[in-house]
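J.: give me a 3D structure for the following:
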Amino acid sequence: MRDERNGVVKLVPHKFLDPKLPLILGEFFYQLRASLDGAVWEAYQRLGGLQTAPKLKEERLDFPFAKSPGNFKDSSFNAFPFSDLLKGWVESMQPYNVPSLVKGSEDQIISEALILVNDCARKDRHRKLHLVGTVVTAATSLIDVGHPAKITYVTNVPADPLKGQYEIARFGVEGLTPEMEIQVNTNFTLHVAVQEISDDADLMIRLYHLKDTVMGVVRRFEQAVP
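T.: Numbers count the residues shown, from 1 in each chain. Reported below is the predicted structural model:
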């Protein structure tokens, strides 16, 4: 109770997430990004690039993420004679083309997933820079007190454990005496969240989607350069 007439319902954390989880996720994003670069390098080798374009070194030939048409034109990917069809598809996925993609289309979904992978992988995978924690996505509280006391109001509060905010409800009471007990029944849902993935989607579903998207790109390269 805050005072004689007002109280709060709080979550009390008893177990915290494994501190290694941010590092594991960092490695996950890094490996997805490396898979995109690996698909480009494998296609380059299959097309005889080591003989025809030896100046394109492995460490410089990567899957492009260009912010402008000029950046894409100057990319190492564009410097190698991949097919026009493959180049056109990769260019359509570039960040500068996202505004022109139809919202909800397959290309738009793929492009935004790839951009997220790239942004997450850019963080130093040797440091805990991926903020991981739990978020409360839904919470309800039923509060009761014995007669003649009564509950005057109940207000749900958006809790945010990542910011140290554990309150999920506030309530008022009248006629409470020292021997009376307040009964509280709560229902709440917790999701593990990553700072860069800020929507309410289930984290595992999002991570599987990122993995499947990258695998789809790798298969696209394999089909284009058998």
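J.: quick check: domain ranges of the protein?
T.: For the chain, the structural domains run 6-20+130-194, 28-126+200-224, going by automatic domain parsing.
J.: would you tell me which one of those is buried the most?
T.: domain 28-126+200-224 (a mean of 16; mean count of other Cβ atoms under 10 Å). Using the backbone N, CA and C atoms, a C-beta is placed for each residue, glycine as well.
J.: now the end-to-end length of that one.
T.: The stretch domain 28-126+200-224 measures 26 Å between its terminal residues, going by Cα to Cα, to the nearest Å.
J.: possible to save the domains of the chain as JSON lines with mean pLDDT?
T.: Below are the domains of the chain laid out as JSON lines (pLDDT from 0 to 100):
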{"stretch": "domain 6-20+130-194", "mean pLDDT": "83"}
{"stretch": "domain 28-126+200-224", "mean pLDDT": "87"}
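J.: what separates the host helix or strand of Tyr30 from the chain centre, distance-wise?
T.: Using DSSP states H and E, Tyr30 falls within helix 21-46. On the basis of Cα atoms, centre = their mean, to the nearest Å, helix 21-46 sits 17 Å off its chain's mean C-alpha point.
J.: against which helices or strands is it packed?
T.: Under the contact criterion of 3 or more Cβ pairs under 8 Å, 6 or more residues apart in numbering; DSSP states H and E, helix 21-46 touches helix 106-121, strand 132-145, helix 203-224.
J.: tabulate those (JSON lines), appending distance to Ser100.
T.: Formatted as JSON lines, the helices and strands packed on helix 21-46 follow (distance: least, Cβ to Cβ, whole Å):
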{"stretch": "helix 106-121", "distance to Ser100": "9"}
{"stretch": "strand 132-145", "distance to Ser100": "33"}
{"stretch": "helix 203-224", "distance to Ser100": "19"}
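J.: how about the ones you listed, which one is nearest Thr152?
T.: Nearest to Thr152 among the helices and strands packed on helix 21-46 is strand 132-145 (10.2 Å), distances taken as Cβ to Cβ.
J.: is it true that Ser141 touches Ala159?
T.: No. Counting by Cβ atoms under 8 Å, Ser141 stays clear of Ala159, with 11.1 Å between them.
J.: identify the contacts common to those two.
T.: Taking Cβ atoms under 8 Å, 6 or more residues apart in numbering as the contact rule, Ser141 and Ala159 both touch Ile168.
J.: mind saving the C-alpha coords of stretch 63-74 as CSV?
T.: Presented in CSV, the C-alpha positions along stretch 63-74 are these (Å, rounded to 0.1, in the frame of the first residue of the first chain):
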residue,chain,number,x,y,z
PHE,A,63,26.1,-8.6,-50.3
PRO,A,64,25.4,-4.9,-50.8
PHE,A,65,23.3,-2.7,-48.6
ALA,A,66,23.3,0.6,-50.5
LYS,A,67,21.7,3.9,-49.4
SER,A,68,21.6,5.3,-52.9
PRO,A,69,21.7,4.1,-56.5
GLY,A,70,25.2,5.6,-56.7
ASN,A,71,26.4,3.5,-53.8
PHE,A,72,25.0,0.4,-55.4
LYS,A,73,26.6,1.2,-58.7
ASP,A,74,30.0,1.6,-57.0
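J.: good, wrapping up.
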